[in-house]
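Trainee: need coordinates for the following:
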Amino acid sequence: METSERNRLVKQRAIVKGSLTRIGKFVDHFTTGQDVHALQTRLERLPSIWEDFMAVQAKLELDDDDENRESHANAMEHFDITSFHL
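Mentor: Prediction:
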């Protein structure tokens, strides 16, 4: 995989991970008096965020060289753990 394509995919993955992080922070700081609809809306976005992450992750894992595979696996593990805690 060309370096520019790899960098583009890594940035795209970071954007998706940022979306998950923002939802996680919202959930962590959610209190009873807040808008439940806002919470539901964010939680409903999780499946599409997961799909976006998996699409980018698959491209990275399939097309990148072996020396970067561990880095991609670590990113996958972190995303997986974070998403299942929401």
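Trainee: pLDDT at Glu2, what is it?
Mentor: pLDDT recorded at Glu2 is 87.
Trainee: ok, it to Lys25 distance?
Mentor: In this structure, Glu2 and Lys25 are 34 Å apart, going by CB to CB, to the nearest Å. C-beta coordinates here come from the backbone N, C-alpha and C atoms, glycine included.
Trainee: can you tell me the centre-most residue of this protein?
Mentor: For the chain, the residue lying nearest the average C-alpha position, counting by CA atoms, centre = their mean, turns out to be Lys17 (3.2 Å).
Trainee: how close does that residue sit to Asp52?
Mentor: The separation that Lys17 has from Asp52, given CB to CB, amounts to 10 Å.
Trainee: give the next helix or strand downstream of the one helix or strand Lys25 maps to.
Mentor: Here Lys25 is covered by helix 3-28, with elements defined by DSSP states H and E. Downstream of helix 3-28, the first helix or strand assigned by DSSP H and E is helix 36-44.
Trainee: residues contacting that following helix, please?
Mentor: Ile23, Phe26, Val27, Phe30, Leu86 (CB atoms under 8 Å, 6 or more residues apart in numbering).
Trainee: ok, now stretch 4-13?
Mentor: Counting by CB under 8 Å, 6+ apart, stretch 4-13 makes contact with Phe53, Val56, Gln57, Lys59, Leu60, Asp63, Asp64, Asn68, Ala75, all of which sit outside it.
Trainee: so where's the protein shaky on pLDDT?
Mentor: Within the chain, the ranges that satisfy pLDDT under 70 run 66-67.
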